[in-house]
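Visitor: Pasting the sequence and the predicted coordinates here, then a few questions.
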Amino acid sequence: MTASSITLTKPVHAHGEEVRVLTLREPVADDIIICGYPLSIGDGGATPQAGAIAKYIARLADIPPSSVRSLAPADFMAAFQVIMHFFGGTGAEPITPD
């Protein structure tokens with residue numbers, strides 16, 4: 001199983017410790033069932049689903065949701081890119097809503 005690490009621009013606290021690197025494991029079907037799909041696909045294209053992305057970050061990095069909510073925006077987006085790569089996206093260009 002593949003994992004990807006992100007060095008955070010701003011550390012967060014999780015499980016009573018300061019975390020500077022998040023390691024996100026590759027999702028399995030159970031993660032998809034529980035978290036949902038990270039994008040909403042419609043006529044206008046794909047829209048990121050922040051709630052689903054936050055659930056993936058918490059599950060795949062094994063940190064509490066409160067730690068995810070304290071991530072810097074750049075770190076949240078870096079984790080989003082990793083998650084999209086797991087779903088077959090290249091992660092090279094962020095998908096932004098209109």
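Guide: Perfect, thanks for sending it. All figures in this text were calculated on a predicted structure; none of them were measured in a lab.

Visitor: When you work out contacts or count neighbours from here on, use the C-alpha atoms and nothing else.
Guide: OK.

Visitor: For this protein, give me the ranges with low pLDDT.
Guide: In the predicted model, the chain carries pLDDT under 70 at residues 1, 89-98.

Visitor: can you give me the helices for it?
Guide: Applying DSSP state H to the chain gives helices spanning 29-35, 50-61, 65-69, 73-86.

Visitor: quick one: contacts for Phe21?
Guide: If you look again at residue 21, you'll see it is Val, not Phe. Applying C-alpha atoms under 8 Å, 6 or more residues apart in numbering to Val21 gives the contacts Ser5, Ile6, Thr7, Leu8, Pro11.

Visitor: meant to ask about Pro38
Guide: Contacts for Pro38 (C-alpha under 8 Å, 6+ apart) come out as Pro48, Gln49, Ala50, Ala52, Ile53, Met84.

Visitor: Nearest to Asp75 among those residues?
Guide: For the contacts of Pro38, the closest approach to Asp75 (C-alpha to C-alpha) belongs to Ile53, at 12.2 Å.

Visitor: and the closest one, how far is that from Ile63?
Guide: For Ile53, the distance to Ile63 (C-alpha to C-alpha, to the nearest Å) stands at 13 Å.
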